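Participant: Fold the following.
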Amino acid sequence: MSNSGLGSSPPRRSVTEAARRRQIVDATISTVAEVGYGRASYAQIARQAGLSSTGLISYHFAGKADLIQAVVAQVVSSGHVAADPQ
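Facilitator: Residues are numbered from 1 along each chain as shown. Prediction:
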């Protein structure tokens, strides 16, 4: 009756969820860069992310605004913010 396996599943699941969110955010960045924010749909983002449906996007994000907030947070945290051109 070893306890070595206890507690290992939840952290693994969190990493998987974090990786999935990152995959969706990365796909959103690519899609918005290609077609613009207004034309970017969940279907296009799902295709770009290699997802079979838009359900996982809805599971991880409350809506398009929530998804874009995650995109902005990732871009800012990565240091890929363009300098002010003025």
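Participant: in the helix or strand encompassing S58, what's buried?
Facilitator: Counting by DSSP states H and E, the element that carries S58 is helix 55-60. Within helix 55-60, the residues scored as buried using 16 or more other CB atoms under 10 Å are 56-57, 60. Backbone N, C-alpha and C define where each C-beta goes, glycine included.
Participant: How far does it sit from its chain's centre?
Facilitator: Remark: helix 55-60 is offset 10 Å from the chain centroid, using CA atoms, centre = their mean, to the nearest Å.
Participant: pLDDT averaged over that helix, what's the number?
Facilitator: The pLDDT scores in helix 55-60 average 95.
Participant: for it, packing partners?
Facilitator: Counting contacts by 3 or more CB pairs under 8 Å, 6 or more residues apart in numbering; DSSP states H and E, helix 55-60 packs against helix 9-35, helix 42-49.
Participant: Which elements pack onto the last one?
Facilitator: In this case it means helix 42-49. The elements that helix 42-49 packs onto, with contact taken as 3+ CB pairs under 8 Å, 6+ apart, are helix 9-35, helix 55-60.
Participant: do the same with the longest one
Facilitator: Packed against helix 9-35 by the contact rule (3+ CB pairs under 8 Å, 6+ apart) you find helix 42-49, helix 55-60, helix 64-78.
Participant: between it and helix 42-49, how many degrees?
Facilitator: Helix 9-35 runs at 110 degrees relative to helix 42-49, counting by axes from the mean of the first three to the mean of the last three CA atoms, to 10 degrees.
Participant: mean confidence score for helix 9-35?
Facilitator: Here the average pLDDT along helix 9-35 is 83.
Participant: Can you mark which positions in it are buried?
Facilitator: Buried, per 16+ other CB under 10 Å, within helix 9-35: 20-21, 23-25, 27-29, 31-32.
Participant: so what's S30 up against?
Facilitator: Q48 (CB atoms under 8 Å, 6 or more residues apart in numbering).
Participant: Make JSON lines from the helices and strands packed on helix 55-60 and add distance to L67 to it.
Facilitator: Shown next, in JSON lines, are these (distance: least, CB to CB, whole Å):
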{"stretch": "helix 9-35", "distance to L67": "6"}
{"stretch": "helix 42-49", "distance to L67": "8"}
